[in-house]
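Enquirer: Structure, please.
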Amino acid sequence: MSSKTKKIIILVVCIVVAILNGIFTYFLASPMLSLKGEKKLTINLNSEYQDAGFEATYLGRKIDKNVTKKGQVDTAKLGTYTITYVLKKGLYEKEVTRTIVVKDLEKPVLELKGEKKVTVCPKGEYKEEGYTATDNVDGDITDKVKWENKDQKIIYTVTDAAGNKVTAEREIVYQDTKAPTIKLTGGNTYTIYVGETFKEPGYTATDECEGDLTKQVKVSGTVDGSKTGSYKITYEVSDKEANKAVVTRTVKVVEKQATGGGIVYLTFDDGPGQYTEKILSILKENNVKASFFVTNQFPKYQSMIKKEYEDGHTVAIHTYSHSWSIYDSVDSYLNDFNKMDKIVFEQTGEHPKYFRFPGGSSNTVSRKHQTGIMTKLAQVMTDKGYIYFDWHVDCGDTHKNNTVSYIISNIKKYVRGNGSYIILMHDIKKNTMQALPDIIAYLKNNGYTFKALDDNAPVKHFKIAN
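Expert: Numbering: from 1, shown residues only. Model (predicted):
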């Protein structure tokens, strides 16, 4: 081989080595770009997205300034988003991409109404108390709730549009743990005079699981009507699960006194209200008739007007609204009066002819509304055939110190001797209700007769001050 040929071969080898070295160096020492964190991730709707970023190096040095970022993530909207990082250095270019999926990952909220542990009669059926289901995306999905009765549990399930599922459980215990209820006709206190025979007013017993148990009630105790005293009558009943109810009635035997002998007209204003039914029960158990000057201040108790009438009490008109503005004019008063008259007629089938002015006929508050209005109204209402009643005795149940003892002491103080007494009371006062049994017992013990207002009652009128 000639020296010239050798030189050519050496040159070719050097060129090949140089090319291979360049190629090797290019790929070995090229810039590097990679993602930090996951390449693909899923995040919740409306959550905060913080990108993990990237890492870019060249020959061991950071070259972040050579990287540009493309794309953004809107976490308020469902969808798939991409973030792309592009590295450029010289003729070299490389890119990496991260995929972010925004999904609804939040479970709905399922809330049960009522208790999560419910006791049901052994042979009874659970009556669903209700539930609500809301979702952060779908809103109200209550109508999508499904439930099943399984192993003495009600299992509720709801799934939102994104497939997020939530369950709730209500435990059902089948057993009878409640005692029966005994109701005494005429109330827990009953008063008779010496010489009278106590006649059982009656009672009923009901059980939540077994129904009517009245025939199974055992009554014990006696009343000696020949002498004064307090006697106990006990009523007892048990259901099949041995849940027992015991109620006691106190029968008071009192003696008529010769110190009184007058007539008492108990009148109740401002109702009917939350205590009216109990007051009616007290009156019934003591065989006392009274008069109710009714209003519509508490519409949900309107049915008590009918009960007052059916129990034999006098129903009269007080006011519809019980607002002082009724004294603005004759027309405003009549409009209010006629509204109440209509309600009373609907409840009783009769139009009352008795009434009482709010504040009484002598009130002076009416002066602020129209001078002389009470004088005008008294004449107008009388001309129309109505009769208004004021009162002889105010029991004091609207006074500042309207305790039970104060109310009773007022009656004892002002109801004395023979004569007729119209007593002002209010059936919307709790203390009046609590004082009433003792008031009745005291008046009976002093020989007073109870009557409801009628055409023979004394018409009490104050001196009109306006």
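Enquirer: so the nearest residue to Lys307 once chain neighbours are set aside is in which element?
Expert: Excluding its sequence neighbours, the residue lying closest to Lys307 (Cβ to Cβ, 6 or more residues apart in numbering) is Leu280, at 6.0 Å. Every residue, glycine included, has its C-beta placed from N, CA and C. Under the criterion DSSP states H and E, the helix or strand holding Leu280 is helix 276-285.
Enquirer: Need the contact partners of that helix.
Expert: Helix 276-285 is contacted from outside by 186-187, 189-191, 201, 266, 268, 289-290, 292, 301, 304, 307-308, 311, 313, 427-428, 432-433, 436-437, 440, using Cβ atoms under 8 Å, 6 or more residues apart in numbering.
Enquirer: Put the buried members of those residues into a PyMOL selection.
Expert: For selection in PyMOL, the members of the contacts of helix 276-285 meeting the burial criterion (16 or more other Cβ atoms under 10 Å) are listed in this command:
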select buried, resi 186+187+189+190+191+266+268+289+290+292+301+304+307+308+313+427+428+432+433+436+437+440
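Enquirer: Among the contacts of helix 276-285, which lie within helices?
Expert: Secondary structure defined by DSSP state H assigns 304, 307-308, 432-433, 436-437, 440 of the contacts of helix 276-285 to helices.
Enquirer: from the residues you listed, which is closest to Arg416?
Expert: Within the ones in helices among the contacts of helix 276-285, distances to Arg416 taken as Cβ to Cβ reach their minimum at Ile440, with 16.6 Å.
Enquirer: residues touching the closest one, list them.
Expert: 191, 282-283, 286, 288, 450.
Enquirer: try it again with 10 Å
Expert: For Ile440, the residues meeting the contact criterion (Cβ atoms under 10 Å, 6 or more residues apart in numbering) are 189, 191, 252, 254, 264, 266, 282-283, 285-288, 290, 411, 448, 450.
Enquirer: Give me the subset of the residues you listed lying in strands.
Expert: Judged by DSSP state E, the subset of these located in strands is 189, 191, 252, 254, 264, 266, 450.
Enquirer: Now do the buried residues in the helix holding Leu280.
Expert: Neighbour-count burial for helix 276-285 flags 276-277, 279-285 (criterion: 16+ other Cβ under 10 Å).
Enquirer: From Thr197, how far out is the residue nearest the centre of the chain?
Expert: Most central in the chain under Cα atoms, centre = their mean is Gly114, positioned 12.8 Å from the mean C-alpha point. Gly114 sits at a distance of 49 Å from Thr197 (criterion: Cβ to Cβ, to the nearest Å).
Enquirer: again, but for Lys123
Expert: Plainly put, Lys123 is 43 Å away from Thr197 if you go by Cβ to Cβ.
Enquirer: before we move on, back to that, from the contacts of Ile440, which single one is nearest Trp391?
Expert: Distance from Trp391 was checked for each of the contacts of Ile440 by Cβ to Cβ. The minimum falls on Leu266, at 10.5 Å.
Enquirer: Which residues are in contact with that closest one?
Expert: Shown in contact with Leu266 (Cβ under 10 Å, 6+ apart): 279, 283, 288-292, 313, 395, 411, 421-425, 427, 436, 439-440, 443, 450-453.
Enquirer: what's the answer for Val86, then?
Expert: Applying Cβ under 10 Å, 6+ apart, we find Val86 in contact with 33, 66-70, 93-97.
Enquirer: circling back: pLDDT and distance to Tyr174 added to the buried residues of helix 276-285, as a markdown table?
Expert: Compiled in a markdown table, the buried residues of helix 276-285 are given as follows (pLDDT from 0 to 100; distance: Cβ to Cβ, whole Å):
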| residue | pLDDT | distance to Tyr174 |
| --- | --- | --- |
| Thr276 | 97 | 39 |
| Glu277 | 96 | 34 |
| Ile279 | 97 | 41 |
| Leu280 | 97 | 39 |
| Ser281 | 96 | 36 |
| Ile282 | 95 | 40 |
| Leu283 | 95 | 43 |
| Lys284 | 95 | 39 |
| Glu285 | 92 | 39 |
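Enquirer: Reformat these as JSON lines; add distance to Tyr406.
Expert: Compiled in JSON lines, those are given as follows (distance: Cβ to Cβ, whole Å):
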{"residue": "Thr276", "distance to Tyr406": "21"}
{"residue": "Glu277", "distance to Tyr406": "24"}
{"residue": "Ile279", "distance to Tyr406": "18"}
{"residue": "Leu280", "distance to Tyr406": "23"}
{"residue": "Ser281", "distance to Tyr406": "23"}
{"residue": "Ile282", "distance to Tyr406": "19"}
{"residue": "Leu283", "distance to Tyr406": "21"}
{"residue": "Lys284", "distance to Tyr406": "26"}
{"residue": "Glu285", "distance to Tyr406": "24"}
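Enquirer: Out of those residues, which is nearest to Ala133?
Expert: If you rank these by distance to Ala133 using Cβ to Cβ, Glu277 comes first, at 39.9 Å.
Enquirer: my read is Tyr235 is in a strand, agree?
Expert: Yes: according to DSSP: H, G, I helix; E, B strand; the rest coil, the state of Tyr235 is that of a strand.
Enquirer: Residue numbering should commence at 866 henceforth.
Expert: Shifting the count to begin at 866 puts that one at Tyr1100.
Enquirer: That one bridge partners, please.
Expert: Val1084, Val1112 (DSSP bridges).
Enquirer: for Gln1212, phi and psi?
Expert: Dihedral angles of Gln1212 (phi, psi; degrees, to the nearest 10) stand at phi -90, psi -30.
Enquirer: Can you lay out the ones in helices among the contacts of helix 1141-1150 as JSON lines showing distance to Thr1229 and pLDDT?
Expert: What follows is these, written out as JSON lines (distance: Cβ to Cβ, whole Å; pLDDT from 0 to 100):
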{"residue": "Met1169", "distance to Thr1229": "31", "pLDDT": "97"}
{"residue": "Lys1172", "distance to Thr1229": "35", "pLDDT": "97"}
{"residue": "Glu1173", "distance to Thr1229": "31", "pLDDT": "97"}
{"residue": "Thr1297", "distance to Thr1229": "25", "pLDDT": "96"}
{"residue": "Met1298", "distance to Thr1229": "30", "pLDDT": "96"}
{"residue": "Leu1301", "distance to Thr1229": "30", "pLDDT": "96"}
{"residue": "Pro1302", "distance to Thr1229": "35", "pLDDT": "94"}
{"residue": "Ile1305", "distance to Thr1229": "33", "pLDDT": "94"}
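Enquirer: And the residues you listed, which is closest to Val1088?
Expert: When the ones in helices among the contacts of helix 1141-1150 are compared for distance to Val1088, the smallest value, 16.9 Å, is given by Pro1302; criterion: Cβ to Cβ.
Enquirer: dump the residue contacts of that closest one.
Expert: 1052-1056, 1115, 1117, 1147, 1150-1151.
Enquirer: Pull the contacting residues for Asp1008.
Expert: Contact analysis of Asp1008 by Cβ under 10 Å, 6+ apart lists 998, 1023.
Enquirer: Beta-bridge partners for Phe1133, please?
Expert: With DSSP bridges applied, Phe1133 shows beta-bridge pairing to Phe1157, Met1290.
Enquirer: Please tell me how far it sits from Met1298.
Expert: Here Phe1133 is placed at a distance of 10 Å from Met1298 (Cβ to Cβ).
Enquirer: Now do the shared contacts for these two.
Expert: Counting by Cβ under 10 Å, 6+ apart, the common neighbours of Phe1133 and Met1298 are 1140-1141, 1144, 1262, 1290-1292.
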